[in-house]
Each structure stands twice: as C-alpha cells, then as structure tokens.
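Asks: Just need the structure, nothing else, for what follows:
(one chain, ligands or ions: 1)
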Amino acid sequence: MTKVPEIFSQKAKTFSFELFPPKTEAGYQKLLETIGRLAQLKPDFISCTYGAGGGNREKTLDIAQLIQRDHGIPSVAHLTCVLNTTAQILEILKDIHTRGIKNILALRGDPPLEHPDWTPGPENFKYSFELCHFIRTHFKSAFGIGVAGFPEGHPLCRDLREDARYLKNKLAFGGDFVITQFFFDNRTYFDYIDRLRAIGVAARILPGIIPIANYKTILQFAQRDKITIPQEVKKIFEPIQNDLEATAQAGVQFAIRQCRELLAGGAPGIHFYALNKSEAVTDILNAVR
Ligand SMILES: Cc1cc2nc3c(=O)[nH]c(=O)nc-3n(C[C@H](O)[C@H](O)[C@H](O)COP(=O)(O)OP(=O)(O)OC[C@H]3O[C@@H](n4cnc5c(N)ncnc54)[C@H](O)[C@@H]3O)c2cc1C
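Replies: As a prediction, this is how the structure comes out:
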C-alpha cells in the first residue's frame, strides 16, 4: 500500500477523509457501511483517529487495516503519545508495520476524560516531535508521517509564531505532511501558510474541513478547540439551528464555498472530518473535485 508522500508526488491535490472508531458494536457495523460508501468516492486516503474523545483505541488499527484490505485505499493510523509508554508505542508501531499500514498521524493527544490529570513521566513522550523522531529512528522511511497543524494556534500556544516554529520542528524530526485543525475562515488558513512558508516550511498543509450538520455540536467542538466562529457562520446557522435538515443543507453549501476558495487559493487538497457519515462529504466532494 502507498505512503501519502508518494501519492503527493503523483497528484497536485488530494481528497481524504477522517473517521473515528465507534464505541459500540452497532456503531462499528454502521461505520463499515459508511466506509463502503466513502470508498466509492475513491479518496486518496482515509485516516482513523486514536483515542480522540475517549474513543476505542483498540479498533483504530483494525479499521485502518480494513480500509486497505477490503477497499484498496491507503489508510493513515493516528497514534498518540498520551497514556502510552515508549515501550508500548514501539509495540504498537510494530503492529502497524506488520499489518501493512504505511502511514501514521503522529500526535501528542490530550489526557482523556477518565484520566484528566495524566501528565507524562520519564517513560512517556511529552511532545509529538519526539514520536516523529522515534518512528524515524526505529523504522527509517517505512512510514509516511503526518502531523497536526493549528491555523489559529494550538489551544495551549496562542503565540502564532511560536506555534509555527513548533510545527516546523515536528517536520524536522520526521513529519512529512500536515493536516490542520478545522476552521471556518479561510483567511486563517492562508495566513498560516504564509507564516509557515516564511520560516521555510515546504511540506503540504492539508486543510481540515468539517461540514456543519448540527450547529450546537459544532459550537461545542469550537469552544473545546478554541476555533473562531465567524460572523458569516453565525448569521447563516443561528436562525436555523433547530432545523437539522436546513442546517445540513446549509452546511454542505457553506463547505462547498469554503473548499472551492481554498482550492482556488492553492490548497493542496482537502481532508474532510467526515464524523463517520457519508452524505454531506459525498455532496461536497462531488461539487469541488
Ligand atoms: C488533524 C488532527 C488529528 C487529530 N487526531 C487525534 C487523534 O486521533 N487522537 C487524539 O487523541 N487527538 C487527536 N488530535 C488532537 C491532538 O492530539 C491535540 O490537539 C493535542 O493537544 C496536540 O497534539 P499535537 O500532536 O499537535 O501535539 P504537540 O505537537 O506535541 O503540541 C502540543 C503542545 O505543545 C506545544 N509544543 C509542541 N512542540 C513543543 C516544543 N518542542 N516545546 C514546547 N512546546 C511544544 C504546542 O504548541 C502545543 O501547545 C488531532 C488533532 C488534529 C489537528
């Protein structure tokens, strides 16, 4: 199966999805159907989160493996440092390698709700750049490595220049490409690109786009991740927030406009936060690709 940087060498723009492992068996069965529908859209790759929001960590690799084996689509397994010792991470990396998964999104992660006070000890990595370095040290170029980018700055680092330097550092330690946090104001993304290019970052920065299907949920995500909700978004979605069908339709239209502007402005593709649903991202992708 292909490494994401190899796909980049063939394609100027890529389209990809992010999924998460459901907590229930019923959710898992539904996800398999969603993957089948998403696969028909022939995305360049599909990524699967690891432990995000307390999600089922064990299933990440099964899902990433299944995407490749059953659908022939390259997958990206997210992996976080949080809660794992370096010895455990080495075992997980061996497992990823054995399963033929060729791409990893190397993340620090956040302490989960069940362990809110967890802090890294001597057996843990503190930052994602250490994970990038560890992967390169043990597996050389066996994996394509992605890292997370934060156009509005990471919630714990609101100094945008400092945040940009940390991103550059992750790439220097082995990251090949970047997937961004979601955002709604494209200026934020373009300014981020300018900031990164100015300090010599050449890697592809894939914008992460989330379709608005439930405005209240999006507000919760935005509050958690400190993402700005622009006036334009408030104006469209506040009046219709109790009408889920109207919100979903407006969400698709908003995302189509957002993606078109990003692509026209030079973005090297779109990474969709599909939230394990296929309808909205299908309409958006068909309209923008
Ligand atoms: C595309 C994407 C996918 C994600 N997928 C998942 C997932 O699957 N599972 C999950 O649990 N979470 C996921 N997250 C959330 C992510 O784990 C959190 O945002 C986490 O707080 C930061 O992870 P990171 O890899 O960016 O950490 P890091 O790069 O380690 O950064 C963490 C903090 O430390 C600062 N920092 C970085 N380097 C240094 C340094 N050298 N010295 C001092 N400070 C530094 C940064 O500015 C930041 O404030 C994802 C986020 C994104 C954008």
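
Asks: surely residue 188 meets residue 152?
Replies: Yes - contact criterion Cβ atoms under 8 Å: residue 188 and residue 152 qualify, at 5.7 Å. Backbone N, C-alpha and C define where each C-beta goes, glycine included.

Asks: Which neighbours do the two have in common?
Replies: Taking Cβ atoms under 8 Å, 6 or more residues apart in numbering as the contact rule, residue 188 and residue 152 both touch residue 228.

Asks: What is the neighbour count of the closest residue to residue 269 other than its chain neighbours?
Replies: Closest residue to residue 269 apart from its sequence neighbours, by Cβ to Cβ, 6 or more residues apart in numbering: residue 14 at 3.8 Å. Using other Cβ atoms under 10 Å as the criterion, residue 14 is surrounded by 19 other residues.

Asks: ok, residue 14 - contacts?
Replies: 4, 7, 8, 44, 45, 206, 268, 269.

Asks: Check residue 230 too.
Replies: 184, 185.

Asks: How confident was the prediction at it?
Replies: pLDDT for residue 230: 98.

Asks: likewise the one 5 residues further on?
Replies: The model reports residue 235 with a pLDDT of 98.

Asks: Name the SS class of it, please.
Replies: Under DSSP: H, G, I helix; E, B strand; the rest coil, residue 235 falls in the helix class.

Asks: what about it, neighbour count?
Replies: Applying other Cβ under 10 Å, we find 9 other residues in the vicinity of residue 235.

Asks: For stretch 76-83, give me every contacting residue.
Replies: 4, 16, 45-52, 60-61, 64, 89, 92-93, 96, 101, 103-112, 115, 118, 120, 124-128, 130-131, 144, 146.

Asks: What are the boundaries of the helices in this protein?
Replies: 4-10, 25-39, 59-71, 86-98, 128-139, 160-172, 186-198, 215-225, 231-237, 244-264, 279-288 (DSSP state H).

Asks: With distance to residue 79 added, can I get the ones you listed in a markdown table?
Replies: Formatted as a markdown table, the helices of the chain follow (distance: least, Cβ to Cβ, whole Å):
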| stretch | distance to residue 79 |
| --- | --- |
| helix 4-10 | 15 |
| helix 25-39 | 19 |
| helix 59-71 | 8 |
| helix 86-98 | 6 |
| helix 128-139 | 7 |
| helix 160-172 | 14 |
| helix 186-198 | 23 |
| helix 215-225 | 20 |
| helix 231-237 | 32 |
| helix 244-264 | 27 |
| helix 279-288 | 24 |
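
Asks: looking at those, which is closest to residue 179?
Replies: Residue 179 sits nearest to helix 4-10 of all these, at 9.8 Å, using Cβ to Cβ.

Asks: Are the closest one and the ligand in contact anywhere?
Replies: No - for a cut-off given as Cβ under 6 Å from any ligand atom, helix 4-10 has no contacts with the ligand; the smallest distance is 12.9 Å.
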